[in-house]
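S.K.: Compute the structure for the input listed below.
(chains A, B and C)
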Amino acid sequence: MTDNLKSVIEALIFISVEPLTTDRIKEALPDAGEAEIEEALRQLIDDYANGPQAIRITPSAGGYVFSTKPEYDVPVRALLQIERRKKLSGQALETLSAIAYHQPVTQAEIAAIRSVDSTHSLHTLLENKLIKIAGRKEAPGRPLLYRTTDKFLAYFGLDSIDDLPSAEELKKLMEQGNG
Amino acid sequence: MTDNLKSVIEALIFISVEPLTTDRIKEALPDAGEAEIEEALRQLIDDYANGPQAIRITPSAGGYVFSTKPEYDVPVRALLQIERRKKLSGQALETLSAIAYHQPVTQAEIAAIRSVDSTHSLHTLLENKLIKIAGRKEAPGRPLLYRTTDKFLAYFGLDSIDDLPSAEELKKLMEQGNG
Amino acid sequence: MPDERDPRPIPEESGPAPAGGNPGAAIDGETPAPKTPAAPAVPLSAAAIADDPEAPAPAAPGEGYQIKLPAFEGPLDLLLFLIKKKKIEIHDIPISIITREYLVYLRDRSLINIDREAEFLLMAAILIYLKSQTLLPREKVADPDVELRQRNFDHLLPIERIQAVAHLLRDKEEEQSQIWTRSTFNAPLPDQDLDLVEVSLFDLAESFFALMKRKQKESFRVIKGKEISLAEKTEEIVAALKSRGVLDFLDYLWEQESLEDALVAFFCLLELIKARIVLAVQEQLFNTIKVWLRREAPPEEAA
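M.R.: Numbers count the residues shown, from 1 in each chain, chains lettered A, B, ... in the order given. Below you'll find the model as predicted:
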């Protein structure tokens, strides 16, 4: 049974257009128990990770996707004729980090953190759908609020925003770094 | 070497948007011989066909693609149904935006904006409670008027309809990227 | 903690430069310049800003279109630069005259360089935008400075920690860049972003350049000597909107008989959008821009 459940979940992850969440799996397989599904998923990830396949199952943005293993980066790029993937600028990354930790956040708050104008970075991030406009703040001028998107998680291979170190952990890391 | 070639081809088939032809494999892997590629492909197809995986490699349109094995047809269809229901079509979104910017609005007015019939989209949107009927217009035939709902706001993460970003705000961001 | 620092944003020159230090970037985020002298009685020229290192490089003589106005003579990029530096009052710059003169100039040329004309259009779009900001009572736009003065930012993480996160993200990005999913290059992940957005003048300008480039390949006819008035074209557009309800922005320009017609139609559409007579919305799925007349919402009715 578990073997069959594993295979069904495998087929579902393969076919899903977006990262497949356990909620969605439960919806598609109403007879399967939650613990069963979790266990099958864990085994499935292990099987692919340790197997001879060139592909594996990766957690992404709260769900699961098939992806190539990193060692096939070069031939994949050769096939797709992509020389190098475009990387975000340091400016954009800094703005994104500020948003990730303080979301929902206004441009003024980002400016207060970074001490430089972030308009250009915001534009780049919005365009790449790494952030989105998420309403307005009840403050003078009712400024727009920004949030990171699921694509942000997928882009950095994060499962959830909690995968980032907490403010406390960061502080400790910084102290160690300086000590 | 053949094992590695097999894995590389596996990664390429996985990532290719269209069925991957042997010609394209040769292009991406100029160092591999034709016979070698054919042999690796044959083994790869066998491995997946006889392996425990829920997916396999099938010939399609002169090339090769990954697909789910036929025994997973039922759960796969169940998931696709769910995913389809969860995503608004481009049509529905267009109708929704026309309503958001012009509410309260009649079907005839939406049709005038979109130049296509919106009956189906209106049904979908009503069914999903993203819009509601908000009375009748004092006009010949007293047509129904449509408005967006609170669920619409929640769906798009807006506090109120005024939270839709104004042209000015978008401009402020956009000119940074284009200037 | 941030209380050690002045929480006001420092203008671009002082901090690390934003990735694109472009001329368009100066519109906001800059501390306002001190009150400026009135527009000079004599036309400003390139010489007037010769000592400013940020000024656009002077064009070679005879190259590019030169604007001739009572308040200014020279290329358009210089004009924009001076406006942004508050050396010229935008009120003194009549856009309709610039447009008309430019069309005459185009008519007199045997060859049209699409790249050059596209550049002109982009700058013209910026100019119209700047002017629209000063002329019309606009919706209130959030002003970061106002918010900065009135709010306390003690809860924000210090920049050092944010930079540490940025480093971490850089590593993750590096790692992730070697992993390919089928959505990496396919359709962007569906998320709950709004798929329809009001478009800015710049989106429109960009679309228009794309169109012109396409059209160049199909040899846009250039009809000489035909006068096209902005007012007539505006009426034509409004009439088309009334009869057809909605126009596809690019298709409409595409339908125009000649390059001049398309240019005039483009400027008219920009003006109509600026005046909020026309609403332009982009459907991002298909990247088309639709244009329709704004309507007064009918009076509220009881549901």
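S.K.: Please count neighbours and contacts with C-alpha atoms only from this point.
M.R.: OK.
S.K.: And what about A:V65, helix, strand or coil?
M.R.: strand (DSSP: H, G, I helix; E, B strand; the rest coil).
S.K.: Tell me which stretches of chain A form helices.
M.R.: A:2-15, A:22-28, A:34-50, A:73-80, A:90-102, A:107-114, A:119-127, A:150-155, A:167-178 (DSSP state H).
S.K.: Show me how the record splits chain A into domains.
M.R.: Domain assignment for chain A by automatic domain parsing gives A:3-80, A:90-166.
S.K.: So the longest one, near chain C or not?
M.R.: Yes - applying CA under 8 Å from any CA of the partner chain, one finds domain A:3-80 touching chain C at A:17-18, A:65-73, A:76.
S.K.: Report the buried members of the residues you listed.
M.R.: Among these, those scoring as buried are A:17-18, A:65-70, A:72-73, A:76 (criterion: 16 or more other CA atoms under 10 Å in any protein chain shown).
S.K.: Residues of chain A that sit close to chain B?
M.R.: Residues of chain A lying near chain B (CA under 8 Å from any CA): A:7-8, A:10-12, A:14-16, A:24-25, A:28-29, A:52-55, A:68, A:72, A:75-76, A:78-80, A:119-120, A:122-124, A:134-136, A:144.
S.K.: Please list only the buried members of those.
M.R.: So, of those, A:7-8, A:10-12, A:14-16, A:24-25, A:28-29, A:53-55, A:68, A:72, A:75-76, A:79, A:119-120, A:122-124, A:134-136, A:144 end up buried under the neighbour-count rule (16+ other CA under 10 Å).
S.K.: Quick one: residues contacting the residue most central in space within chain A.
M.R.: Nearest to the geometric centre of chain A sits A:L153, at 1.5 Å (CA atoms, centre = their mean). For A:L153, the contact set (CA atoms under 8 Å, 6 or more residues apart in numbering or on different chains) comprises A:60-61, A:159-161.
S.K.: Can you spell out the domain ranges of chain C, please?
M.R.: Taken from automatic domain parsing, chain C resolves into C:2-135, C:189-302.
S.K.: weakest of those by average pLDDT?
M.R.: Comparing mean pLDDT over the domains of chain C, the weakest stretch is domain C:2-135, at a mean of 57.
S.K.: distance of A:L173 from C:I159?
M.R.: Using CA to CA, to the nearest Å, one obtains 14 Å as the distance from A:L173 to C:I159.
S.K.: repeat for A:L170
M.R.: Per CA to CA, A:L170 is found 12 Å from C:I159.
S.K.: now A:Y72
M.R.: 37 Å.
S.K.: Then C:D251?
M.R.: Counting by CA to CA, the separation of C:D251 from C:I159 is 48 Å.
S.K.: For the nearest residue to A:A98 once chain neighbours are set aside, give me its contacts.
M.R.: Spatially, and ignoring its direct neighbours in sequence, A:A98 is nearest to C:I162 (5.9 Å; CA to CA, 6 or more residues apart in numbering or on different chains). Contacts for C:I162 (CA under 8 Å, 6+ apart) come out as A:94, A:97-98.
S.K.: from those residues, which single one is nearest C:L76?
M.R.: Of all the contacts of C:I162, C:L76 sits closest to A:E94, with 34.5 Å by CA to CA.
S.K.: roughly how far apart are that closest one and A:I113?
M.R.: 10 Å.
S.K.: could you dump the residues of domain A:3-80 next to chain C to a markdown table with pLDDT?
M.R.: What follows is those, written out as a markdown table (pLDDT from 0 to 100):
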| residue | pLDDT |
| --- | --- |
| A:V17 | 75 |
| A:E18 | 80 |
| A:V65 | 92 |
| A:F66 | 94 |
| A:S67 | 93 |
| A:T68 | 93 |
| A:K69 | 94 |
| A:P70 | 92 |
| A:E71 | 92 |
| A:Y72 | 93 |
| A:D73 | 91 |
| A:V76 | 90 |
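S.K.: Looking only at neighbour counts, state which of A:L173 and C:I159 leads.
M.R.: C:I159 (19 against 15; other CA atoms under 10 Å in any protein chain shown).
S.K.: Look up the closest residue to the more buried one, ignoring the ones flanking it.
M.R.: In space, C:I159 is closest to A:I113, 5.7 Å off (CA to CA, 6+ apart).
S.K.: what about the residue nearest to A:A98, helix or strand, and which?
M.R.: Taking DSSP states H and E as the criterion, C:I162 maps to helix C:159-176.
S.K.: Same check on C:E73?
M.R.: Per DSSP H and E: strand C:73-75 holds C:E73.
S.K.: Tell me the helices and strands packed up against that strand.
M.R.: With contacts taken as 3 or more CA pairs under 8 Å, 6 or more residues apart in numbering or on different chains; DSSP states H and E, strand C:73-75 sits against strand C:66-68.
S.K.: Which positions in the strand it packs on come out as buried?
M.R.: In strand C:66-68, counting by 16+ other CA under 10 Å, buried: C:66-67.
S.K.: Name the surrounding residues that touch that strand.
M.R.: With contact meaning CA under 8 Å, 6+ apart, strand C:66-68 is reached by C:73-76, C:98.
S.K.: Each with direction, which strands does it pair with?
M.R.: Paired strands of strand C:66-68, with direction, are strand C:73-75 (antiparallel) (DSSP bridges).
S.K.: Beyond the strand it pairs with, next helix or strand please.
M.R.: Using DSSP H and E, the first helix or strand after strand C:73-75 is helix C:76-84.
S.K.: Just the C-alphas of that next one, formatted as PDB.
M.R.: Taking Å, rounded to 0.1, in the frame of the first residue of the first chain, the C-alpha atoms of helix C:76-84 are listed here in PDB:
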ATOM      1  CA  LEU C  76      15.800  66.400 -25.700                       C
ATOM      2  CA  ASP C  77      18.000  64.500 -23.200                       C
ATOM      3  CA  LEU C  78      19.600  67.700 -22.200                       C
ATOM      4  CA  LEU C  79      16.200  69.300 -21.700                       C
ATOM      5  CA  LEU C  80      15.100  66.400 -19.400                       C
ATOM      6  CA  PHE C  81      18.300  66.700 -17.500                       C
ATOM      7  CA  LEU C  82      17.800  70.400 -16.900                       C
ATOM      8  CA  ILE C  83      14.200  69.900 -15.800                       C
ATOM      9  CA  LYS C  84      15.200  67.200 -13.300                       C
END
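S.K.: re the thing from before, dump the residues of domain A:3-80 next to chain C to JSON lines, plus distance to B:Q107.
M.R.: Shown next, in JSON lines, are these (distance: CA to CA, whole Å):
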{"residue": "A:V17", "distance to B:Q107": "32"}
{"residue": "A:E18", "distance to B:Q107": "33"}
{"residue": "A:V65", "distance to B:Q107": "40"}
{"residue": "A:F66", "distance to B:Q107": "43"}
{"residue": "A:S67", "distance to B:Q107": "44"}
{"residue": "A:T68", "distance to B:Q107": "47"}
{"residue": "A:K69", "distance to B:Q107": "51"}
{"residue": "A:P70", "distance to B:Q107": "52"}
{"residue": "A:E71", "distance to B:Q107": "55"}
{"residue": "A:Y72", "distance to B:Q107": "52"}
{"residue": "A:D73", "distance to B:Q107": "51"}
{"residue": "A:V76", "distance to B:Q107": "49"}
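S.K.: That concludes my questions; thank you for your assistance.
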